[in-house]
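> sequence and predicted structure, then a few things I'm wondering about:
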Amino acid sequence: MKLFKGMKPKNTALLVIDVINSCAHESCQRPELGVTFRRIREMVSQRLVRFIERYRKEVGTPIVFTKTIPWKKEFLSENINNLYEADLEVEYYSKNESGFAEQFYVVQPEKDDVVIEKNGNDVFANKNFLEYVTKRHISYFVTTGVFTDGCVMGTVIGGFSRGFNFITLRDLVETTDVPKRQELQKLLLENNFPYLWSKVISSTDFLGGWKK
């Protein structure tokens, strides 16, 4: 699949969404809920880190790392809290008090990278982020991170609704090990993403297409 014709170094950025301990580290898993992160850790350590290194050298556009504020009632957006209060079975507040949960997992932003904290699923709801991309005239995003069926999808939908363009790298997004979420991820990347919001290609195809 070809890249967007309008993609250029001056209008493109890489998004690394929520590669933080709460979404990847073994100690932050919730086995009592069946939530484990083995596939995420493999994706990050075996593929994403190396891709970011190549992206810096071969593409060279801005890189934006997103992370969440502490996923606690007092910090989250009102509608997320309303959602949790309406159905205690979906409540998913963080139990970590040390700040460890919000630290980046394996990936490390460099001094020229942008780090954005968010209190919801969609980074485009962050005013500082919107001001940054507007000022830089960025309209195309290469998307990586976690969870495919959570904040990755929320960000892609939110950005697309605001007129931005997306390429999602299928081998550099991931979700939890829960079988139903793995099945959902496959369906989303094969059906919903490419027809509704985002081109979906491999990281290898992206780098090869960029060189052309």
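Structure's in. What do you need?
> nearest residue to Leu172 in space, ignoring adjacent ones along the chain?
Once flanking residues are discounted, Leu172 sits nearest to Thr144: 4.0 Å by C-beta to C-beta, 6 or more residues apart in numbering. In this view, the C-beta of every residue, glycine as well, is placed from N, C-alpha and C.
> cool, Arg38 as well?
Spatial nearest neighbour of Arg38, excluding adjacent residues (C-beta to C-beta, 6+ apart): Asp177 at 5.4 Å.
> where does the one you found fall, phi/psi-wise?
phi -80, psi 0 (degrees, to the nearest 10).
> before we move on, the earlier item: ok, now which ones touch the residue nearest to Leu172?
Neighbouring residues of Thr144 by C-beta atoms under 8 Å, 6 or more residues apart in numbering: 14-17, 48, 51, 169, 172-173.
> and Ile201, how far from Phe37?
24 Å (C-beta to C-beta, to the nearest Å).
> between those two, point out the one with more neighbours.
Phe37 (25 against 20; other C-beta atoms under 10 Å).
> in this structure that one contacts Cys23, no?
Yes: judged on C-beta atoms under 8 Å, Phe37 makes contact with Cys23 at a distance of 6.9 Å.
> picking up where we left off before, for the contacts of Thr144, give me a markdown table that also has neighbour count.
Below are those laid out as a markdown table (neighbours: other C-beta atoms under 10 Å):
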| residue | neighbour count |
| --- | --- |
| Leu14 | 23 |
| Leu15 | 24 |
| Val16 | 26 |
| Ile17 | 28 |
| Leu48 | 25 |
| Phe51 | 20 |
| Leu169 | 24 |
| Leu172 | 24 |
| Val173 | 26 |
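> what two of those are the furthest from one another?
Ile17 and Phe51 (13.7 Å; C-beta to C-beta).
> what packs against the lowest-mean-pLDDT helix or strand in the chain?
Here the helix or strand of the chain ranked lowest by mean pLDDT, DSSP states H and E is helix 78-86, holding a mean of 82. Counting contacts by 3 or more C-beta pairs under 8 Å, 6 or more residues apart in numbering; DSSP states H and E, helix 78-86 is packed against no other helix or strand.
> CA atoms of it as CSV?
Extracted in CSV, the C-alpha atoms of helix 78-86 (Å, rounded to 0.1, in the frame of the first residue of the first chain):
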residue,chain,number,x,y,z
GLU,A,78,-15.5,13.9,33.9
ASN,A,79,-17.0,11.6,31.2
ILE,A,80,-14.6,8.8,32.0
ASN,A,81,-15.5,9.0,35.7
ASN,A,82,-19.2,9.1,34.7
LEU,A,83,-18.7,5.9,32.6
TYR,A,84,-17.1,4.1,35.5
GLU,A,85,-19.7,5.2,38.0
ALA,A,86,-22.5,4.0,35.7
